[in-house]
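Participant: Kindly generate the corresponding structure for this input.
(chains A and B)
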Number of protein chains: 2
Amino acid sequence: MRRSIATVCVSGTLDDKLTAAAAAGFDGIELFENDLVVSPWSPAELRARCADLGLSIDLYQPFRDFEAVPPELLKENLRRARLKFDVMAELGADTMLVCSSVSPHAADDDGLAASQLSTLASLAAERGIRIAYEALAWGRHVSTWDHAWRIVQAAGHPALGLCLDSFHILSREVSPDGIAAITPGKIFFVQLADAPHLRMDVLQWSRHHRLFPGQGTFDLPGLITTIQASGYDGPLSLEVFNDVFRQSDPARTAIDAMRSLVALEDRAGLRPLPPAPALGRHAFTEIAVDGDTGPQLREALHGLGFTHTGQHRTKPVELWEQSACRVVLNSAVTRPGAAISAFAVTADDPDTALRRAEALLAPARVGAHGPRETSLASLTAPDGTEVFITGDEWRADFLPTGDQPGPGAGLTAVDHIGLTQPFDHFDEAGLFYDSVLGLERLPTQEYAAPFGLMRSLGLATADRGVRLALPASLLRRGDWAPGVIAPQHVAFSTSDVLTAAARLRGWTLTIPDNYYADLAARYALTDQAVEDLRAHGILYDRDAHGGELLHFYTPVHGGRVFFEVVERRGGYDGFGEANTPVRMAAHRHLRLTGG
Amino acid sequence: MRRSIATVCVSGTLDDKLTAAAAAGFDGIELFENDLVVSPWSPAELRARCADLGLSIDLYQPFRDFEAVPPELLKENLRRARLKFDVMAELGADTMLVCSSVSPHAADDDGLAASQLSTLASLAAERGIRIAYEALAWGRHVSTWDHAWRIVQAAGHPALGLCLDSFHILSREVSPDGIAAITPGKIFFVQLADAPHLRMDVLQWSRHHRLFPGQGTFDLPGLITTIQASGYDGPLSLEVFNDVFRQSDPARTAIDAMRSLVALEDRAGLRPLPPAPALGRHAFTEIAVDGDTGPQLREALHGLGFTHTGQHRTKPVELWEQSACRVVLNSAVTRPGAAISAFAVTADDPDTALRRAEALLAPARVGAHGPRETSLASLTAPDGTEVFITGDEWRADFLPTGDQPGPGAGLTAVDHIGLTQPFDHFDEAGLFYDSVLGLERLPTQEYAAPFGLMRSLGLATADRGVRLALPASLLRRGDWAPGVIAPQHVAFSTSDVLTAAARLRGWTLTIPDNYYADLAARYALTDQAVEDLRAHGILYDRDAHGGELLHFYTPVHGGRVFFEVVERRGGYDGFGEANTPVRMAAHRHLRLTGG
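Facilitator: Alright, predicted model coming up:
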């Protein structure tokens, strides 16, 4: 099936949009009328430009408020349509989207709607054009796919068919199951969009909050399977109105769009991808440090009970270990400050994973490497973090220092990595990790933090051997917000948080007493239990099933990176987001007081 | 009446919030529990800090999910309350907000709710604390003020009263009129918030989109009058949850907040301000230019038919005129590029206007001036633009050049000035111009432009002698968006746009033919009328009442400033926002093609 994208999905002028769509590999576009109206290209010039780029114009859209009107208005609407057919002829576009009327002049009269749409289709057919009729979810009288289908059937014109838009279908209560029984050939076009579940006016929801497939909560693989059952073999076209995508780099948005479509086709069984990797564990997390922050991170790792066990054969790169917790300090990077620059996860079959990534427009790159170094291929995540999928071969790059691990602090493995995302690439990042690495999306959390709203997406393997937390600040902008540092962290797991906190006294973040007073009010904990938490700066969260998280943090090291220690009890599966505002305020307090 | 502000209104830690509230002149605060929980200050330390700043703690909030529960849960809830009363005692706070329950454990039983609230009030009274019960608009069983009042009456406890929140009242259908008849003394607290009209889940609307009074559409003066009628004389307190305010500079947000309250008290007749000025006309618009952009602007003004008629006595500042259109080019400013740095409007009584501005936290400043220069005082708008309110005395600063005005292009006066706002100060700017200058707010427009969504607020005097357009990009961020230049413009009026466009051939922005093909389809204009518009690059808009706007633009001069010429017909009162995307795409095309 052909892959199309509506020009409304991406930002810029028509030239920007077409260039981006072609570069991302789309076969065709839906041309949004307003994009043409503001363009200096004539329709013929646009047609030529599309041909040069290998793009077809699969749909001209939208033609509004046509059907079920009084005779004098019909006449005016047909005049309007003739002028648009002229434009379409010049464009070489053969399908026009007519969406169900929202006009107060439209009558609630299916017979009249069918008859007038049939008249329009006759006029179109003379020009070799087809009319694809679509039920807008907020149409005045026609707002469901089955209602539109009844009208199309009643009209019975070969040049009149349906346009199905997943948003308009899945945002309503009417089941899509009957779509499978639509007469073969009568679905002229299929538009796809995902969306988060929001309780708001459906028009506003549609116009501002659509997402690419896989970024929301709609069952799009199921819908596509149903549509396929009707024999549809036209384009699958993305039509996504999204406030963020409208103002982001179109080249990047188009790649995100194509990735979403490729992943959807895989899920719907249309074009299978190489399988997602069966990821094992966090292999190592790399922190890039400069001359100033290197000593701070070394001191912190030492303080947390880590030992410098390995030295890279050719580069200023150190391996620090404690049980299965491994941190690599990389001084070979030239950017200032400290940052989590890469992380590695283990997999049985890294090569298949890399082929899948490539098919999902996330090509692996092999870093420059010297003699005796393994050739580790890495993917680049949307925020620039390098992701290695590896077996155990990375260890061969390091020579043992001979230092033996000390007693440590009982930290056993990496529980999760937290990477603050720029909000404009938050949904892109979620789709990347979910489709490329095959991580499961956990419920998105939203919470108010001291410097504005935060949203956080968790991702994990089925056995939770690999976990990522991607927090993002929803609006943070301007000079005020002290959080522009986009902090990152590594969380280590322990089976005994109290002992770990006691051993790491001096390295933990101080939590205000007020927090514990509130904890005592909120939960039926014993006075002693609260006191134990308070004395060690341990935070507490409890889920709806009684699962518990006990965790503590370190101060921020090198301006951006901090560590966390977590003990999960009773199947707690979150990241303690309820406590994040407490952590953020404590970090800020420390910064202001010179900590 | 005392003026309070909830700590949730502004960004930062408690220290940031209190400092901002005190600096803006608030008398007290509502302490949001989470702000205390994350604070390193003990309650006693907070109490001392508030005392130092002259702030009282007028409300402790919120206590949730208390009433109408089974006995065992009541016991737990009373335990919770006792611990919070302990905190309040340390804080010296004497009123606790209890909001209506959203818990599935709450029964729909007013008698039980009244009895349990009475128990809570008894416990509170022993500690000298009062309970203010508030109906959340999304409360499970109690969601309207009158329902909460019936429960408070049934409880009949002297330490139990109502908290009235304007959002919860005005977002619902229940009339507030009956509030006037509430027993004197039983309204314990009043929280104020405005909001735009939005069709969405009321909880999300409340938590993300509240605004300060005067920035939304609620009738707050009316509500306050009603509340006053009950004899209420407690604090008027702002409680505004807003995504933007949550992440903006708290000092600035607090001033915006105080301005909104002062303006509201004036409108409600509680504390009258000096009257708003009766503004006359645009006196002049000042464009700051540097060495590179000065020649470009001079050439453009000359091309548009302006004459350099005056030279400032002591500064490199030129006056350019055409009829009542006056542009001042100021080369004395040191910032790079070109920008509308100031505008002046005429008023009969500038001194009163300045006193009003001062009362609204917008103090006038008198610029440095040399001999024989008039002492013009100016206000600073939220985006930094200087606003002069003046008679005719400003002319005395300019010596005639002796150049006589040429034939010009038929431009008669300034129709409006367009100043692109940073979105985070969009609502602040609207309130500033509306309260300080007494301009009327016209309906806000929202539209999709090539580089993202735009919102635009128009403001004008009653006779439309002064008009401002404040467009803002809703999200524009990051490296892609080419609109970060925040363009500004001056629009001149004419009574004959065709003649003006003909005379200014060569200075007008080229509009794509596609626009005119679409215009012909949309409106029943004659072919000749469309051709006349097309030939001159004139854009067209029509309002619902048949009013028409014919307008054209110039290219951008000096990187940021452009001009517009408008002819209004039949009472057209907008700014042609429907055509803004066309203008933006044309400007971008010109930039990319080196125009």
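Participant: from the stretch 1-150 of chain A, which residue is nearest to chain B?
Facilitator: Using C-beta to the nearest C-beta, the single residue of the stretch 1-150 of chain A nearest to chain B is residue A:38, 3.7 Å away. No exception for glycine: its C-beta is placed from N, CA and C like everyone else's.
Participant: Let me know how buried that residue is, in neighbour terms.
Facilitator: Burial measure for residue A:38: 25 neighbouring residues, criterion other C-beta atoms under 10 Å in any protein chain shown.
Participant: Go ahead and confirm it touches residue B:580.
Facilitator: No: judged on C-beta atoms under 8 Å, residue A:38 makes no contact with residue B:580 at a distance of 10.0 Å.
Participant: quick one: secondary structure of residue A:20?
Facilitator: For residue A:20, the reduced secondary structure class is helix; criterion used: DSSP: H, G, I helix; E, B strand; the rest coil.
Participant: how close does it sit to residue A:5?
Facilitator: 9 Å (C-beta to C-beta, to the nearest Å).
Participant: can you check residue A:250 too?
Facilitator: Distance, residue A:250 to residue A:5, using C-beta to C-beta: 10 Å.
Participant: Residue A:464 too?
Facilitator: From residue A:464 over to residue A:5 the distance is 36 Å, taken as C-beta to C-beta.
Participant: Then residue A:115?
Facilitator: 34 Å.
Participant: residue ranges of the strands in the stretch 301-450 of chain A, please?
Facilitator: In chain order, the stretch 301-450 of chain A shows strands spanning A:307-312, A:317-322, A:325-330, A:339-347, A:365-366, A:377-380, A:386-390, A:398-400, A:411-419, A:440-441, A:445-449, with DSSP state E, counting those that start in this stretch as the criterion.
Participant: mind listing what's buried in the last one?
Facilitator: So that's strand A:445-449. By neighbour count, with 16 or more other C-beta atoms under 10 Å in any protein chain shown as the criterion, the buried positions of strand A:445-449 are A:445, A:448, A:449.
Participant: That strand - what's its average pLDDT?
Facilitator: Throughout strand A:445-449, pLDDT has a mean value of 92.
Participant: rank the strands of the stretch 301-450 of chain A by pLDDT, which is bottom?
Facilitator: Least confident of the strands of the stretch 301-450 of chain A, judged by mean pLDDT, is strand A:365-366 with a mean of 80.
Participant: which strands and helices sit next to that strand?
Facilitator: Using 3 or more C-beta pairs under 8 Å, 6 or more residues apart in numbering or on different chains; DSSP states H and E as the contact definition, the elements that strand A:365-366 packs against are strand A:377-380.
Participant: Show me the contact partners of the strand it packs on.
Facilitator: Outside of strand A:377-380, the residues within contact range by C-beta atoms under 8 Å, 6 or more residues apart in numbering or on different chains are A:342, A:350, A:354, A:357, A:362-367, A:386-389, A:436.
Participant: wait, which of those residues is closest to residue A:200?
Facilitator: Nearest to residue A:200 among these, counting by C-beta to C-beta, is residue A:436 at 31.3 Å.
Participant: Run a quick neighbour tally on the closest one.
Facilitator: Under the neighbour criterion other C-beta under 10 Å, residue A:436 is assigned a count of 26.
Participant: try residue A:351
Facilitator: If you count neighbours by other C-beta under 10 Å, residue A:351 ends up with 13.
Participant: before we move on, back to that, redo the buried residues of strand A:445-449 as a markdown table? Include distance to chain B.
Facilitator: Output for the buried residues of strand A:445-449, formatted as a markdown table (distance: C-beta to the nearest C-beta, whole Å):
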| residue | distance to chain B |
| --- | --- |
| A:445 | 15 |
| A:448 | 7 |
| A:449 | 9 |
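Participant: and residue A:119, that's in a strand?
Facilitator: No: following the definition three-state DSSP, residue A:119 is helix and is not counted among the residues of a strand.
Participant: Skip the chain neighbours and tell me the closest residue to it.
Facilitator: Beyond its immediate neighbours in the sequence, the residue positioned closest to residue A:119 (C-beta to C-beta, 6 or more residues apart in numbering or on different chains) is residue A:78, lying 7.1 Å away.
Participant: so what's that neighbour up against?
Facilitator: Residue A:78 sits next to A:119, A:120, A:123 when contact means C-beta under 8 Å, 6+ apart.
Participant: so which of those residues is the most crowded?
Facilitator: Taking other C-beta under 10 Å as the neighbour criterion, residue A:120 ranks highest of the contacts of residue A:78 with 27 neighbours.
Participant: tell me the pLDDT at the residue of the stretch 1-150 of chain A closest to chain B?
Facilitator: Taken from the predicted model, the pLDDT recorded for residue A:38 is 96.
Participant: three-state assignment of the closest residue to it other than its chain neighbours?
Facilitator: Among residues not flanking residue A:38 along the chain, residue B:585 sits closest, at 3.7 Å (C-beta to C-beta, 6+ apart). Three-state assignment for residue B:585 (three-state DSSP): helix.
Participant: Show me what stretch A:430-445 is in contact with.
Facilitator: Among residues not part of stretch A:430-445, those counted as contacts by C-beta under 8 Å, 6+ apart are A:196, A:212, A:214-215, A:256, A:259-260, A:262-263, A:275-279, A:345, A:353, A:356-357, A:360, A:362, A:379, A:381-382, A:387, A:389, A:455-462, A:466, A:468, A:470, A:573-575, A:577.
Participant: what's the distance between the residue in the stretch 401-550 of chain A that chain B sits nearest to and residue B:395?
Facilitator: At 3.0 Å from chain B, residue A:452 is the closest residue in the stretch 401-550 of chain A, using C-beta to the nearest C-beta. With distances taken as C-beta to C-beta, residue A:452 is found 48 Å from residue B:395.
Participant: With neighbour numbers in mind, choose between these two.
Facilitator: residue A:452 (22 against 15).
Participant: who's more crowded, residue A:250 and residue A:5?
Facilitator: Comparing residue A:250 with residue A:5 by neighbour count (other C-beta under 10 Å), the higher total belongs to residue A:5, at 31 against 28.
Participant: which neighbours does the host helix or strand of that one have in its sheet, and in what orientation?
Facilitator: With elements taken from DSSP states H and E, the one containing residue A:5 is strand A:3-6. Strand A:3-6 has these partner strands in its sheet, going by DSSP bridges: strand A:28-32 (parallel), strand A:236-238 (parallel).
Participant: Of these, flag the one that's most buried.
Facilitator: strand A:236-238 (a mean of 27; mean count of other C-beta atoms under 10 Å in any protein chain shown).
Participant: tell me the mean pLDDT over that one?
Facilitator: On average, the pLDDT along strand A:236-238 is 98.
Participant: Now for the closest residue to chain B within the stretch 201-350 of chain A, how many residues are close by?
Facilitator: Nearest residue of the stretch 201-350 of chain A to chain B (C-beta to the nearest C-beta) works out as residue A:247 at 3.0 Å. Close neighbours of residue A:247, defined as other C-beta under 10 Å, add up to 27.
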